[in-house]
Structure formats: C-alpha cells, structure tokens
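Student: the following block contains a protein sequence and its predicted model.
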Amino acid sequence: MGTGPTLHVLLALAAVVVSGRVVGRLLAAARQPPVIGEVLSGILLGPSLLGRAAPGAEAFLFPGSVKPALGLIAQLGVVLYLFLVGLEFDPGILRQRTMSLVVTAQASIAVPFALGCGVATLLYASFAPAGVNRFVFALFMGVAMSITAFPVLARILTDRGLTKTPLGTTALACAAVNDAMAWVLLAAVVGVTRAMPSGGVPGEFVIAFAIGAAIPSRSALARAMAGWPSAIVTIVLLPAFFALTGLRTQVELVSSLSGWMTCLTIILVATAGKLGGAALAGRLSGMSWRLAAQLGALMNTRGLMELIALGVGLDAGIISPALFTMMVVMAIVTTAMTSPLLDALGALSTSRRPARR
C-alpha cells in the first residue's frame with residue numbers, strides 16, 4: 001500500500017474516532033455509555049446521513065480502496081477487544097454464586113432465544129436471503145436476541161458504583177455466562193451454514209475470548225493490558241468496526257411504515273425476552289421485584305457484542321441488509337434503555353421510602 005492510500009486510511013480512521021468521541025460526549029449528559037455515541041457516529045458517517053446529505057464527502061472519506069484496510073483494522077480491533085473481555089471474565093464470580101443465579105442466567109438466554117426463534121418464523125419469508133435454511137435463520141435470530149454486552153454492562157455498573165453490590169455481582173455473573181454461551185452458539189450456527197471454513201471469523205472470536213478468559217484476571221499480563229494497550233484497542237482500532245457497521249446500515253431500507261413496524265416488533269420481542277426473562281427468573285429465585293427488574297434492565301444491554309454478531313450474520317449471508325439495519329437499531333435502542341430504566345426503578349424505590357421526620 002502506497003503513502004497516498006495509507007494516509008487516506010488514517011484520515012478515514014481519524015474522522016471516525018473524532019466523530020465517535022464528539023457524539024459520545026454529547027450523549028454522556030444523558031448517562032449513555034460511550035458505545036452508543038460511537039455506533040451512532042458510524043451510522044451518521046455512512047449512507048444513512050452523510051451519504052444522503054453530502055454523497056461526495058462520504059465517497060471521499062470511505063472510497064472502495066479504503067474499505068478493505070478498514071476491514072482488517074476492524075477485524076484486529078474486535079479480536080483484541082474480545083481478548084480483553086476475556087481478561088475481565090472472572091470465573092470466581094460464578095463459583096461464588098448460588099444455583100439460583102445459574103438458573104437466572106440460563107433463563108436470560110433461553111427465553112429470548114425461544115422468542116427470537118419464534119419471530120424468525122414470521123420474518124423468514126421477507127428478510128431471509130435466498131438459499132438460507134429456515135432452521136439456520138431461526139437459530140441465528142435466537143442467538144442474536146440472547147446476547148448481553150458484558151463490557152458495556154460492567155461499565156454501567158462501575159459508573160454507578162454498583163459493581164460489588166448484590167445487583168452488580170448477580171448481573172456480572174449472568175452476563176459472563178451469557179457471553180460465553182452466546183459466542184459458542186454463534187460459532188455453531190455459522191458453522192452449520194458452511195459459509196466460512198472452520199467456522200471462520202466466529203471461531204477467531206471465540207478463541208480470542210477463551211484465551212483471555214484462561215488468563216487470571218489479576219495476573220501481571222491482565223494488569224498490563226488494562227493500560228495503554230486497552231486504550232489503543234478501544235479508542236483507535238474499534239472505531240473502524242463502527243465505521244463499517246455504519247456503512248452497512250442503510251436506514252432507507254426500513255423507510256416504509258411496515259418496515260418500521262417490523263423494527264418496533266423486533267425491539268419489543270428482544271426487550272420482552274431479555275428483560276422479562278431475566279426479571280421473572282430473578283423473582284422466582286427469591287429477588288424482590290425491584291431488584292429483579294433492575295437485573296432485567298441490565299441484561300437487556302446489548303451494545304458492541306450484538307453488532308459483532310450481526311456483522312457475522314451479514315457476512316455469512318444469514319440475514320439480509322434490511323434485517324441487519326433493523327437489528328442494529330434494536331441493539332442501539334435496548335442499550336440506550338438501560339440507564340433510564342435503572343434511574344426510573346431507583347426513583348420508584350426512593351419514592352416508596354417513608355419520609356424522614
């Protein structure tokens with residue numbers, strides 16, 4: 001690659017990084033995690049906004065010659081990111097939890113998985129690419145509905161000082177189980193399609209996560225990776241992934257009323273399955289309704305992990321670009337719901353306390 005193309009790649013990457021930081025700062029006032037701003041900035045720089053308002057600017061920033069390089073950067077960023085997620089995965093959390101938490105974690109996967117498979121039967125005729133097996137399509141939708149973004153959830157808990165509370169430890173334990181199972185299931189589903197040799201990209205993702213999880217979270221390597229290497233991955237490399245996600249997200253494909261009604265249905269089903277499933281399981285395991293609802297709100301966080309899975313499904317030809325866009329919207333909405341829901345539930349509990357005399 002010559003100097004010119006290299007500089008162009010750096011220019012595109014710089015535009016994505018700066019845009020993500022700016023939008024993230026604006027949304028921070030609404031207590032939204034940085035990933036929301038980064039994802040939205042990627043969409044704003046793609047065909048959904050910049051491509052419509054200034055197609056020449058989009059073509060200049062992201063020409064065809066730049067996209068392969070951004071793809072490689074995005075691939076590297078995601079693999080390293082999942083390695084870092086694995087480093088944060090502490091099996092000790094699971095050993096300290098009771099069997100009731102294992103049941104809650106499984107329910108928070110099983111319920112949205114079942115609902116996702118069910119809604120897939122309604123979407124198959126209109127949104128499955130030609131030649132995709134109905135069973136594989138349903139399995140992928142089930143997995144996509146089941147994902148919880150462990151890193152985003154952990155960041156929300158840290159920002160609110162809830163990491164070591166009963167709610168925090170329960171949510172982290174459930175999300176850790178979700179993460180591990182989701183990547184294994186995703187690799188299996190894509191492997192069934194035979195669209196990628198040896199499972200392809202999902203296999204690399206699972207391996208990266210597994211290697212990170214095998215390293216003790218308090219080891220010298222884990223502490224070293226939590227410094228500047230982690231910053232490089234999250235600030236420099238991952239924005240390339242958000243840029244590619246934005247370039248693939250075509251809101252005009254969902255411009256009709258029926259399209260947006262379908263998108264709303266997906267959001268409602270995803271929320272009912274994840275939030276409702278985790279909350280109900282938590283309540284049945286002995287939690288108060290408020291604590292169980294807070295757990296459900298946290299488990300409904302999807303963020304980056306969902307976007308990675310959706311990109312895999314699109315690359316493997318399991319879902320169409322229109323359904324990809326709807327699922328990206330669902331991931332953004334469900335993640336953005338988390339903080340407001342926690343605030344509302346917290347306010348509800350405070351309002352019921354007797355006033356001090």
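Tutor: Noted; the coordinates are in hand. Numbers count the residues shown, from 1 in each chain.
Student: residues touching stretch 258-270, excluding its own?
Tutor: 112, 115-116, 118-119, 123, 126, 145, 253-254, 300, 302, 322, 326-327, 329-330, 333-334 (Cβ atoms under 8 Å, 6 or more residues apart in numbering). Yep, even glycine has a C-beta here, placed from its N, CA and C like the rest.
Student: buried stuff in that stretch?
Tutor: 259, 262, 263, 266, 267, 269, 270 (16 or more other Cβ atoms under 10 Å).
Student: report the mean per-residue pLDDT for that stretch.
Tutor: The average pLDDT for stretch 258-270 rounds to 94.
Student: how far does that stretch sit from the chain's center?
Tutor: Centroid separation for stretch 258-270 versus its chain: 18 Å, with Cα atoms, centre = their mean, to the nearest Å.
Student: and the longest helix for the chain?
Tutor: Longest helix of the chain, by residue count under DSSP state H: helix 321-351.
Student: where does the prediction get shaky in the stretch 201-350 of the chain?
Tutor: Applying pLDDT under 70 to the stretch 201-350 of the chain picks out residues 201-206, 347-350.
Student: now the helices for it?
Tutor: 220-225, 228-232, 238-248, 257-271, 277-284, 289-299, 303-315, 321-351 (DSSP state H, counting those that start in this stretch).
Student: the third one packs against which elements?
Tutor: In this case it means helix 238-248. Counting contacts by 3 or more Cβ pairs under 8 Å, 6 or more residues apart in numbering; DSSP states H and E, helix 238-248 packs against helix 3-28, helix 34-44, helix 67-88, helix 303-315, helix 321-351.
Student: ok, residues contacting it?
Tutor: Against helix 238-248 from outside (Cβ under 8 Å, 6+ apart): 12-13, 16-17, 20, 38-39, 41-48, 62, 67, 70-71, 73-74, 77-78, 81, 304, 307-308, 310-311, 314, 321, 324, 328.
Student: buried sites along that helix?
Tutor: Under 16+ other Cβ under 10 Å, the buried positions of helix 238-248 are 238, 239, 240, 241, 242, 243, 244, 245, 246, 247, 248.
Student: and residue 67, how many residues sit next to it?
Tutor: Applying other Cβ atoms under 10 Å, we find 16 residues neighbouring residue 67.
Student: swap that for residue 9, sorry
Tutor: Neighbour tally, residue 9, other Cβ under 10 Å: 20.
Student: name the nearest residue to it, sequence neighbours excluded.
Tutor: Spatial nearest neighbour of residue 9, chain neighbours left out: residue 69 (4.5 Å); criterion: Cβ to Cβ, 6 or more residues apart in numbering.
Student: please name the residues that touch residue 105.
Tutor: Contacts for residue 105 (Cβ under 8 Å, 6+ apart) come out as 173, 174, 177, 178.
Student: please pick the buried ones from the residues you listed.
Tutor: Among the contacts of residue 105, those classed as buried by 16+ other Cβ under 10 Å are 173, 174, 177, 178.
Student: in terms of pLDDT, where does the first one sit?
Tutor: Looking at residue 173, its pLDDT is 79.
Student: which ones are touching residue 11?
Tutor: residue 61.
Student: and it, how far is that from residue 69?
Tutor: 11 Å (Cβ to Cβ, to the nearest Å).
Student: what do you get for residue 159?
Tutor: Residue 159 is 34 Å from residue 69, by Cβ to Cβ.
Student: looking at those two, which one has more neighbours?
Tutor: Taking neighbours as other Cβ under 10 Å, residue 159 and residue 69 compare with residue 69 leading, 18 against 13.
Student: per-residue pLDDT, that one?
Tutor: 87.
Student: would you confirm that it contacts residue 62?
Tutor: No. When contacts are counted by Cβ atoms under 8 Å, residue 69 is not listed as touching residue 62 (10.7 Å).
Student: and stretch 242-260, end to end?
Tutor: By Cα to Cα, to the nearest Å, the extent of stretch 242-260 from end to end equals 23 Å.
Student: now stretch 295-304
Tutor: 19 Å.
Student: helices of the stretch 51-200 of the chain, start to end?
Tutor: Counting by DSSP H, counting those that start in this stretch, the helices of the stretch 51-200 of the chain are 55-61, 67-88, 91-96, 99-127, 134-146, 150-159, 166-193, 200-214.
Student: packing partners for the fifth one?
Tutor: Contact here means 3+ Cβ pairs under 8 Å, 6+ apart; on that basis helix 134-146 packs against helix 99-127, helix 166-193, helix 303-315.
Student: those helices: lowest mean pLDDT?
Tutor: Taking the mean pLDDT of those, helix 166-193 comes last: a mean of 78.
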